[in-house]
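Asks: Build me a model:
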Amino acid sequence: MKYLLSHIRVLDLSRVLAGPWGSQILADLGADVIKVERPGKGDDTRAWGPPFVKATDGSDTTDGAYFMAANRGKRSITVDLQTPEGQDIIRKLAAKADVVLENYKVGTLDRFGLGYNDLVKINPSLIYCSVTGFGQTGPRASQPAYDFLIQAMGGLMSVTGERDDRPGGGPQKVGIPIVDLVTGVYAAVAILAAIVGRNETGRGEYIDLSMLDVQTGLLANQAMNYLFSGKTPKRTGTAHPNIQPQRIFDCADGQIIIVVGNDLQFKAFCDVMGHPELNDDPRFATNGERVKNQHILDPILDETLASHPRQYWLDRLEESGIPAGPINSVPEAFDEPQVVHREMLRQYDHPVYGRVPQVMTPLRYKDTPSRSDLPPPALGQHTATVLADLGFSDDDIEQLKARAVI
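Replies: Numbers count the residues shown, from 1 in each chain. From the prediction side, this is the model:
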């Protein structure tokens, strides 16, 4: 079957999450992604568990569920990059690749003769994307980084969490590795843009992608709040710093989220709440005034919403076109009828593990499907096939195995 990126081959030298997430996006779009892993160990995330993937007999394997989240649609080969033979294999693969994606520490692949300047001599049209914590230049360029550290350094944790004057107040990290994930998305976008550019110029490109740059950019409205006001943004719990009312509310039997996005929605909200008089109160007539007077508005809303159960309010808010919903757990999110309808969860047939679940790509096209026939690979599952395509004989492959090159 033809996919949007069926003509693109990606040599994926990345591991953990940011790089693999980006290459998985390309794989979902149909690119042939060859994932290079360490012999005997593989990607670090294979060992990040429990939980570990179950074998067909029900026993635990050595592959963590974490690995399964970011490596769908790829072919796995094992190569020791520290050996001359392994480096030669990578050069041969790069000669036939459209894209190289890597996230080694700055300078590591240069020492192996596998940096951009080395591989572009072999393949002038190569697109080479380097993902690091801090970028290729600057005082921290050589330092390692993980998502948690970047969330802290990039300002995200300073605006995430409950207010300091409330129980549980203090900085919090986001519950998913958000910087890794968004960096992966940016990597895919940058690579796709470079492919489009190459179609015009015939030239490849080098992409220097920094997780700290990504997180700094993600400050978005909070950055502008500071730059225009001079005031340091603070943690506000679930309350939006610029739009009100918009936060978690306590009902008689639990909590809901209500998102009032404009003044017309606020008018409808007041009617649902049984407080039409709030529409005529100048303190709440516009969003700007509601933000300024949130401390006055909040007690009125809290008292009213606590008088009825969640479903009572959810039904009435839906009827009035006001965005609102429950706070789903992860299992409840997958049971959400809209998520079920969109088939975001599917089961893949795996040659080693039987059936494995996968959370699908959100990218949907009218005429071209996303690729859905390759589950996350077992370690080194495709080594022999890929090397045979490069011209290695069965005897060559056996000798490389004997020397622990693959």
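
Asks: where does the stretch 251-400 of the chain dip in pLDDT?
Replies: For the stretch 251-400 of the chain, no stretch has pLDDT under 70.

Asks: can you give me the strands in it?
Replies: All strands of the stretch 251-400 of the chain, identified by DSSP state E, counting those that start in this stretch, fall at 254-259, 324-326, 345-350, 354-359.

Asks: So what touches the shortest one?
Replies: Strand 324-326 is contacted by residues 254, 256, 257, 258, 259, 310, 313, 314, 317, 318, 332 when judged by CB atoms under 8 Å, 6 or more residues apart in numbering. From N, CA and C alone the C-beta is placed, and that goes for glycine too.

Asks: Of the residues you listed, which is the nearest to residue 151?
Replies: Closest approach to residue 151 among the contacts of strand 324-326 (CB to CB): residue 257, at 22.5 Å.

Asks: measure the closest residue to residue 188 other than its chain neighbours to residue 364 for me?
Replies: Distances taken as CB to CB, 6 or more residues apart in numbering put residue 25 closest to residue 188, at 4.0 Å, once the chain neighbours are dropped. In this view, residue 25 and residue 364 are 13 Å apart by CB to CB, to the nearest Å.

Asks: what does residue 260 give?
Replies: Where residue 364 is concerned, residue 260 sits at a distance of 29 Å (CB to CB).

Asks: the more surrounded of these two?
Replies: Between residue 260 and residue 364, counted using other CB atoms under 10 Å, the more crowded position is residue 260 (25 against 10).

Asks: got a list of what the more buried one touches?
Replies: 243, 244, 245, 246, 266, 269, 322, 323 are the contacts of residue 260 under CB under 8 Å, 6+ apart.

Asks: ok, now residue 298?
Replies: Residue 298 touches residue 245, counting by CB under 8 Å, 6+ apart.

Asks: Walk me through the domains of the protein.
Replies: Domain ranges of the chain: 9-217+344-402, 246-327, per automatic domain parsing.

Asks: Select only the buried ones of the contacts of strand 324-326 in PyMOL?
Replies: In PyMOL, a selection of the buried entries from the contacts of strand 324-326 looks like this (16 or more other CB atoms under 10 Å):
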select buried, resi 256+258+310+313+314+317
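
Asks: wait, which of the contacts of strand 324-326 is closest to residue 114?
Replies: Among the contacts of strand 324-326, and counting by CB to CB, the member closest to residue 114 is residue 332, at 45.6 Å.

Asks: ok, now which ones touch that closest one?
Replies: Here residue 332 is in contact with residue 326 (CB under 8 Å, 6+ apart).

Asks: Tell me where the stretch 151-300 of the chain has helices.
Replies: Taking DSSP state H, counting those that start in this stretch, the helices of the stretch 151-300 of the chain run over residues 178-201, 211-218, 220-229, 263-273, 287-292, 294-305.

Asks: Adding distance to residue 392, write those helices out as a markdown table.
Replies: Converted to a markdown table, the helices of the stretch 151-300 of the chain look like this (distance: least, CB to CB, whole Å):
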| stretch | distance to residue 392 |
| --- | --- |
| helix 178-201 | 28 |
| helix 211-218 | 36 |
| helix 220-229 | 49 |
| helix 263-273 | 64 |
| helix 287-292 | 65 |
| helix 294-305 | 67 |
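
Asks: before we move on, the earlier item: okay, the contacts of strand 324-326 in CSV with distance to residue 216 next?
Replies: What follows is these, written out as CSV (distance: CB to CB, whole Å):
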residue, distance to residue 216
254, 37
256, 33
257, 28
258, 31
259, 26
310, 38
313, 38
314, 37
317, 36
318, 38
332, 34
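
Asks: Could you verify my assumption that residue 188 touches residue 22?
Replies: Yes: shown here, residue 188 and residue 22 form a contact pair, counting by CB atoms under 8 Å, at 4.6 Å.

Asks: Would you mind telling me which of the two has the busier surroundings?
Replies: With neighbours defined as other CB under 10 Å, residue 188 and residue 22 compare such that residue 22 has more, 31 against 22.

Asks: burial measure for the closest residue to the more buried one other than its chain neighbours, as a count.
Replies: Spatial nearest neighbour of residue 22, excluding adjacent residues (CB to CB, 6+ apart): residue 187 at 3.3 Å. By other CB under 10 Å, the residues close to residue 187 number 28.

Asks: Which residues are in contact with residue 87?
Replies: Neighbour list for residue 87: 81, 112, 113, 114 [criterion: CB under 8 Å, 6+ apart].

Asks: how about the residues you listed, which pair is most distant?
Replies: Within those, 81 and 113 form the most distant pair, 9.9 Å apart (CB to CB).

Asks: Settle it for me: which of those two has more neighbours?
Replies: For residue 81 versus residue 113, neighbours defined as other CB under 10 Å are more numerous around residue 81 (18 against 15).

Asks: Make sure the more buried one is actually in contact with residue 115.
Replies: No: contact criterion CB under 8 Å: residue 81 and residue 115 do not qualify, at 11.9 Å.

Asks: what sits in contact with each of the two?
Replies: Residues touching both residue 81 and residue 115 (CB under 8 Å, 6+ apart): residue 109.

Asks: re the thing from before, for residue 388, which of the strands of the stretch 251-400 of the chain is the nearest?
Replies: Of all those, strand 345-350 comes closest under CB to CB, at 22.4 Å.

Asks: Which strands and helices lie in contact with the closest one?
Replies: Strand 345-350 is packed against strand 354-359, with contacts defined by 3 or more CB pairs under 8 Å, 6 or more residues apart in numbering; DSSP states H and E.

Asks: how many neighbours does the nearest residue to residue 381 once chain neighbours are set aside have?
Replies: In space, residue 381 comes closest to residue 76 once its chain neighbours are excluded; the distance is 5.1 Å by CB to CB, 6+ apart. The local packing of residue 76 (other CB under 10 Å) involves 23 other residues.

Asks: pLDDT at residue 76, what is it?
Replies: Note on residue 76: pLDDT of 98.

Asks: partner residues bridging it?
Replies: residue 35 (DSSP bridges).

Asks: For it, give its distance to residue 67.
Replies: Distance of residue 76 to residue 67, given as CB to CB: 10 Å.

Asks: list the residues that contact both of the two?
Replies: residue 42.

Asks: circling back to that earlier point, quick one, which of the helices of the stretch 151-300 of the chain is nearest to residue 396?
Replies: helix 178-201 (31.5 Å).
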